[in-house]
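K.L.:
Based on what follows, work out the 3D shape:
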Amino acid sequence: MNIDTLLSKHSDTYRFHGVRSATLQELINQSQDGEIALYGTDHDEHIDNEDFEFDAEYTQGAGFLYVTSFRDVEMSFNEFCDEDGMVFVLEPISSEPFEFDHPSDRRQSIIKVEDWKVVGGLRPMFDEDGDLIEMEAFSLAEIGEM
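P.N.:
Just a heads-up that it's a prediction; the model follows:
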């Protein structure tokens, strides 16, 4: 699969979430029927926990998750993905998916996992200076075979 095919719709449609290689393998191992269910937190300090009173717990297939838009996908590569990790491409499955702008980092937003699905993945290719030169795209089926 190539990047043009993966992002054939308008890039504002998609959100991106980076995972390290260990997390990627866990998610692949837990996938069912070719679907990858991400984990979200049951509380988020920016949305429902202004007092920092709750310890957040992770829930598969639901909860809050931090993502970037395509404009800031490089952040997902640099800060949340290791060499064998991947940045998942998420597409909304709800007509009005929940999305909240991160109050202190405009590069990120917060979504509800249950409103989005993984439709593919991206791996970065950097030059010797560490600049992103290309992205390798993977379909959901290709991710499942890793």
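
K.L.:
CA atoms for contacts and neighbours, from now on please.
P.N.:
Noted.

K.L.:
Chain neighbours aside, what residue packs nearest to Phe80?
P.N.:
Setting aside the residues directly before and after it, Phe80 is nearest to Gly18 in space (C-alpha to C-alpha, 6 or more residues apart in numbering), at 4.9 Å.

K.L.:
Can you give me the neighbour number for that neighbour?
P.N.:
Neighbour count for Gly18, taken as other C-alpha atoms under 10 Å: 28.

K.L.:
Would you agree it is in contact with Phe77?
P.N.:
Yes - with contact defined as C-alpha atoms under 8 Å, Gly18 counts as touching Phe77 (6.4 Å).

K.L.:
can you confirm Val118 is in a helix?
P.N.:
No - if the criterion is DSSP: H, G, I helix; E, B strand; the rest coil, then Val118 is strand and not within a helix.

K.L.:
Surely it touches Leu140?
P.N.:
Yes - Val118 lies in contact with Leu140 (C-alpha under 8 Å); the separation is 7.3 Å.

K.L.:
can you pull out the helices in this structure?
P.N.:
Applying DSSP state H to the chain gives helices spanning 3-6, 21-30, 73-80, 140-144.

K.L.:
For the first one, give the mean pLDDT please.
P.N.:
Averaged across helix 3-6, the pLDDT comes to 65.

K.L.:
List the residues that contact the residue nearest to Phe80.
P.N.:
Contacts for Gly18 (C-alpha atoms under 8 Å, 6 or more residues apart in numbering) come out as Ser76, Phe77, Phe80, Cys81, Gly85, Met86, Val87, Phe88.

K.L.:
Going along the chain, name the strands of this structure.
P.N.:
Assigned by DSSP state E, the strands in the chain fall at 15-19, 39-41, 58-60, 64-68, 86-92, 99-101, 108-112, 116-126, 132-139.
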